[in-house]
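Asks: how would this look folded up:
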Amino acid sequence: MDETTLKLKDAEKSIEEAKAVIESKEREISQQKDLMERKATMAELLKPLSKDKAEVMSQLLESTATDKLKSAYDKYLQAVMEDAPVSKAKKMLSEANGDKASAPRSERDDADLSSIRVLAGLQKNNN
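Replies: Numbers count the residues shown, from 1 in each chain. Here you go, the predicted model:
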């Protein structure tokens, strides 16, 4: 009877190991299936976009769940299509300084630091 019990325990152990392997392979297959589905969906969504806009959209959708790709794509599409060229954006940034550019840099930095301190509650507003 001891021999039969040992064989039964070995068989149960083998079954548990086989179940663990099967579950592991099923998870792996599920992950591969999701990855293939994601790649197909991304290819379909990015197909009508130009190379640079497709790259931007791809980065935006990178962290989106596969089942929500279409809705996120629709959400970001207008912003991606209206994206200004880089040279125009740089020009706009340099023009954004406005009247601050006329003040000496140290005065401007001191004023910025003072306003930060006031907003943080570390200093009373002198105005």
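Asks: is it true that Lys124 touches Val118?
Replies: Yes - judged on Cβ atoms under 8 Å, Lys124 makes contact with Val118 at a distance of 7.3 Å. The C-beta positions use only the backbone N, C-alpha and C, and glycine is treated the same way.
Asks: neighbour count for these two, which is higher?
Replies: Val118 (14 against 8; other Cβ atoms under 10 Å).
Asks: what residues are up against Glu16?
Replies: Going by Cβ atoms under 8 Å, 6 or more residues apart in numbering, Glu16 touches no other residue.
Asks: for stretch 57-75, measure first residue to last.
Replies: 11 Å (Cα to Cα, to the nearest Å).
Asks: all the helices of the chain, residue numbers only.
Replies: 2-46, 51-61, 69-81, 86-95, 105-120 (DSSP state H).
Asks: would you single out the least confident of those?
Replies: Of all these, the segment with the smallest mean pLDDT is helix 86-95, scoring a mean of 45.
Asks: what distance do you get for Thr64 to Ala20?
Replies: Distance, Thr64 to Ala20, using Cβ to Cβ, to the nearest Å: 32 Å.
Asks: please identify which of these two sits among more neighbours.
Replies: The residue with more neighbours, out of Thr64 and Ala20, is Thr64; 17 against 10, by other Cβ under 10 Å.
Asks: show me what contacts that one?
Replies: Contacts of Thr64 (Cβ under 8 Å, 6+ apart): Ala72.
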